[in-house]
Each structure stands twice: as C-alpha cells, then as structure tokens.
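J.: Only the shape, not the letters, is given here:
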C-alpha cells in the first residue's frame, strides 16, 4: 500500500463486528493491515470496499468507532497495534 | 453525582408537594439512596414517562418505573399479546394472550403499584397522533421494534423537546443511548441514513434472547429514574453496547449534536413529522415483510408440492423432484420435511435470485 509520509507504516489492528455487520462478516472480529495514519473516508473505503465487501450494502448506516470513540467525517486517525475498530450498525429490534 | 438543575431535561420546575406518609413508607429503600432522597422521589412521583412499545424492552421499563413510583406512565402499542412473545415480554401473563398489549400492561402496572396513573394508547404511533401523545410526557422511552418508528420517535422528541431514552436488542446484542439531551446528538445525528430495508433483521425473523432486552430495558429504566430524579444520565453522547454471547460490554463515546443534522441541526430540513415508512422503505412493525419471489411459472405453491408428495409411488417421491431447503441450519433443525436437503442459506438465496 502506498503511503504519503515516511512516518506512516502499515500495522495490524483488530476489527470488531456488531449486529448486521457480524451476520454479514460471519465472524465477531478479525485483524487487518491498515496505515497508521488514515483519513476516516479512506478507512471507510478500505473497510467496506476492500476488506469486507460483503458489508458494503450497510456501509451508509453504520457507525465506525475507533478505540470506543465515534469517528467524525473528516477526522485523521492515528492507529496503533492496540487499536480496535468497531463497525456498529443500528439495532432496531425490541 | 450531584442533582443537576435541569428543568429543561425532563424534570418539572413546579415546586413539588411533600411526600405522603404512605409514599415515604413505600419508597423508603429508594429514599435512603442519598442521590435520590426526598427531592428525587418527589420528582420521580411528578414525572410523566411515555413508553413506546409494550414488548421485550417495554416490559422491564414499565415494571421498574412502576416500582420506582413514576407518577404517570403512558404506553403506546397497537399489538396483542402473543404466546411467541412471552419468553421476553415478562410483564404479560400467559392468560392475557390475544388481548391488547396496552391493557395487559396497564393491569400489570396497576397490580405492582396501584398509585400509578397509567395512560394507554392502543394505536400504531404515527406522524398524525405523535404530537398529541408526546406532549403529555416529559421523557420518552423508545422500546419499539422497527426503524420507521425509531425515526418517528426521534424526530417527535426533537420537535417537542423531549428527552429520548432509547434501547434496542436483537439476538444476543443490545444498544442503549440517551438522545436529545444535554447538547448530545439525536438518533439522526448518528444514523442520518436509514438502514437498507431489504437487509433489516427483526426479532420475528432473527430472534432475540429474553435477558438481552431485559438488561437493556432495565438500563433504560435506570436512566429514566436518574433523569426524572434530576440527576444526570450517564449516556448523554454515549452508547452502551451489550454483547451477551461473549459477556462483553462497551461504552462508545458518540459525537456531539451534528450542526448539519436534518432535524436537530442549525438549518433543519425536517420541521414537522414526515412519512417514516416511506423514509425508511419499511413498515412500522416487526412482522415479517413479503419478499420478492420468482414468477409464478418458476415456482411451486406449497399446496401443489403437497399434492405432488401424495402422488408418490411406493413411498418414494418422484425421482425428478428435489426439495432444497435454503433456510439456515438452525432453522432447518426446528422443523423440515423429511426429504428436504439443507443447503447453505447464502448459496440458497443466490439460487433464489434474492441475494
């Protein structure tokens, strides 16, 4: 993967799936290699189009949380080997 | 936690009347909790809480609010009590099967605490009836079971300035958050685009484990009691997530209110309630929706298949008939025809052309 800065390295992070995302991914969690610095939009594209294309159909309605914090639209994210990315669709049942 | 001055946060600003001797006796174990005390109990007694949905979440919410002495409890639900609901809807006795859920609820609440003023709304919540219903309450508990109602409840709470204590659950998972509270987000700030209706799963199709909605509903009741007593909720701008299968819980920090939100933003485009079934592309209930099926020429009705089975010779089904059951293995195991061959549902859906 191309990186624009020499400080950016590829690291392995955990990705957790919830609700419909868990059903589509057919697992609770996995690990992927991601750049240690990445824009939210680029992260979303990698997750839903490259790594977990089965989840593309729910991409628009999911929250992404990095280390248990909601990620804002234009945010630049700093990932570490202990980073946990959660893909959280809304649950409607009750 | 110190009681906060939050008259605009679901707490009445009117000077409360003293507690009666009976109330002091009845709620003594709650009065002894210093953060609640007499003032908190007076506020709880004077609070008006609306529960949207008398189902798996609504049951624990109603039971605990009735126990705590929330003065006025409203319930909206159009449905009747069904036996296949009772594994999780623990406020409805088996003897009430077939009866109105709101009436069943009212009887249960009254049997727990006869002092509670219970208002029932036996109707499907709609854009038309929401303003009249919501305006009678301070705090709203979203215990509904479908996306269209969740957006309706959210927008009504924003437009009518009500605190929204929202819970949801499915299978082993649950989510809890408090919306439209202390400059936190509303439901739309987080989920501006409704989920794809074709990919929605509900309790009727996917199932739910009773204590999941029991836990989430109990958390909703807890937050409602705190807010009603004038304390701060712990879940403003936060989402509590429960994964009952692995026993893990997480608290996700959410965003603040989104200035560009369609309903609570600075230039809202939603200024009155809209058609939420059209917005979500799905109905305001959790019953199983009709699916797209093959043309009549490409499929066989169950009646015709039954006739074909009866025509079999010597106990053998015609050699050219193969029955493929595309449901997931755990559903196949519940019941299936003896000759059926179970095929992975994803592949099955592909063959059926509905994937």
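T.: Nice, I can see it. Fair warning: this is a prediction, and the values are worked out from it, not measured in the lab.

J.: what about the chain, any weak spots by pLDDT?
T.: If you meant another chain, say so; for now it's chain A. Of all residues in chain A, those with pLDDT under 70 make up the ranges A:1-6.

J.: actually it's chain B I care about, not the one you picked
T.: The model of chain B has pLDDT under 70 over residues B:1-14, B:199-203, B:288-291, B:311-320, B:345-355.

J.: what are the ranges of the helices in it?
T.: B:21-26, B:28-31, B:37-46, B:58-68, B:101-112, B:130-134, B:147-160, B:187-190, B:203-206, B:210-228, B:276-280, B:302-310, B:329-334, B:345-352 (DSSP state H).

J.: Dump the ones you listed into JSON lines; add distance to chain A as well.
T.: To be clear about C-beta, it is placed using only N, CA and C from the backbone, and glycine gets the same treatment. Formatted as JSON lines, the helices of chain B follow (distance: least, Cβ to the nearest Cβ, whole Å):
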{"stretch": "helix B:21-26", "distance to chain A": "30"}
{"stretch": "helix B:28-31", "distance to chain A": "26"}
{"stretch": "helix B:37-46", "distance to chain A": "24"}
{"stretch": "helix B:58-68", "distance to chain A": "8"}
{"stretch": "helix B:101-112", "distance to chain A": "13"}
{"stretch": "helix B:130-134", "distance to chain A": "18"}
{"stretch": "helix B:147-160", "distance to chain A": "5"}
{"stretch": "helix B:187-190", "distance to chain A": "6"}
{"stretch": "helix B:203-206", "distance to chain A": "4"}
{"stretch": "helix B:210-228", "distance to chain A": "6"}
{"stretch": "helix B:276-280", "distance to chain A": "9"}
{"stretch": "helix B:302-310", "distance to chain A": "27"}
{"stretch": "helix B:329-334", "distance to chain A": "13"}
{"stretch": "helix B:345-352", "distance to chain A": "9"}
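
J.: would you list the ones you listed in JSON lines and tack on mean neighbour count?
T.: Shown next, in JSON lines, are the helices of chain B (neighbours: other Cβ atoms under 10 Å in any protein chain shown):
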{"stretch": "helix B:21-26", "mean neighbour count": "12"}
{"stretch": "helix B:28-31", "mean neighbour count": "13"}
{"stretch": "helix B:37-46", "mean neighbour count": "20"}
{"stretch": "helix B:58-68", "mean neighbour count": "25"}
{"stretch": "helix B:101-112", "mean neighbour count": "20"}
{"stretch": "helix B:130-134", "mean neighbour count": "18"}
{"stretch": "helix B:147-160", "mean neighbour count": "25"}
{"stretch": "helix B:187-190", "mean neighbour count": "24"}
{"stretch": "helix B:203-206", "mean neighbour count": "17"}
{"stretch": "helix B:210-228", "mean neighbour count": "25"}
{"stretch": "helix B:276-280", "mean neighbour count": "19"}
{"stretch": "helix B:302-310", "mean neighbour count": "11"}
{"stretch": "helix B:329-334", "mean neighbour count": "11"}
{"stretch": "helix B:345-352", "mean neighbour count": "14"}
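
J.: who wins for proximity to residue A:84 among those?
T.: If you check each of these against residue A:84 by Cβ to Cβ, helix B:187-190 wins as the nearest, at 19.0 Å.

J.: distance between that closest one and the chain's centre?
T.: 17 Å (Cα atoms, centre = their mean, to the nearest Å).

J.: Need the residues that contact that helix.
T.: Contact partners of helix B:187-190, identified using Cβ atoms under 8 Å, 6 or more residues apart in numbering or on different chains, comprise A:63, A:70, A:90, B:150-151, B:153-155, B:158, B:164, B:166, B:179, B:239, B:254-255, B:257-258, B:261-264.

J.: could you redo the last one with a cut-off of 10 Å?
T.: Helix B:187-190 is contacted from outside by A:61, A:63, A:70, A:88, A:90, B:142, B:150-151, B:153-155, B:157-158, B:164, B:166, B:177, B:179-180, B:194, B:237, B:239, B:252, B:254-265, B:268, B:270, using Cβ atoms under 10 Å, 6 or more residues apart in numbering or on different chains.

J.: end-to-end on stretch A:86-94?
T.: 22 Å (Cα to Cα, to the nearest Å).

J.: Take the helices of chain B and lay them out in a markdown table including distance to residue A:84.
T.: A markdown table is the format used below for the helices of chain B (distance: least, Cβ to Cβ, whole Å):
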| stretch | distance to residue A:84 |
| --- | --- |
| helix B:21-26 | 46 |
| helix B:28-31 | 38 |
| helix B:37-46 | 37 |
| helix B:58-68 | 30 |
| helix B:101-112 | 40 |
| helix B:130-134 | 38 |
| helix B:147-160 | 27 |
| helix B:187-190 | 19 |
| helix B:203-206 | 25 |
| helix B:210-228 | 22 |
| helix B:276-280 | 30 |
| helix B:302-310 | 47 |
| helix B:329-334 | 29 |
| helix B:345-352 | 27 |
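
J.: Only the buried members of the contacts of helix B:187-190: can you turn that into a PyMOL selection?
T.: In PyMOL, the members of the contacts of helix B:187-190 classed as buried (16 or more other Cβ atoms under 10 Å in any protein chain shown) are selected with the following command:
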select buried, (chain A and resi 61+63+70+88+90) or (chain B and resi 142+150+151+153+154+155+157+158+164+166+177+179+180+194+237+239+252+254+255+257+258+261+262+263+264+265+270)
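
J.: which bits of chain A sit near chain B?
T.: When proximity is defined as Cβ under 10 Å from any Cβ of the partner chain, chain A approaches chain B at A:16, A:18-20, A:22-24, A:26, A:28-29, A:54, A:57-63, A:65, A:67-73, A:84, A:86, A:88-94.

J.: hmm, 7 Å instead?
T.: With Cβ under 7 Å from any Cβ of the partner chain as the criterion, chain A meets chain B at residues A:18-20, A:28, A:57-58, A:60-61, A:63, A:65, A:68-70, A:72, A:89-94.

J.: Can you give me the domain assignment for chain B?
T.: B:47-280, B:296-342 (the TED database).

J.: looking at those domains, which is closest to residue B:35?
T.: The nearest among the domains of chain B, by Cβ to Cβ, is domain B:47-280 at 5.8 Å.

J.: where do the helices sit along chain A?
T.: A:19-25, A:40-45.

J.: Could you identify which of these is most buried?
T.: Across these, averaging neighbours per residue (mean count of other Cβ atoms under 10 Å in any protein chain shown) puts helix A:19-25 on top, at a mean of 22.

J.: Go ahead and measure how far it is from the middle of the chain.
T.: Centre to centre, stretch against its chain (Cα atoms, centre = their mean), the figure for helix A:19-25 is 13 Å.

J.: Show residues contacting it.
T.: Helix A:19-25 is contacted from outside by A:17, A:28, A:52, A:54-55, A:58, A:62, A:87, A:89, A:91, B:170, B:173, B:199, B:201, using Cβ atoms under 7 Å, 6 or more residues apart in numbering or on different chains.
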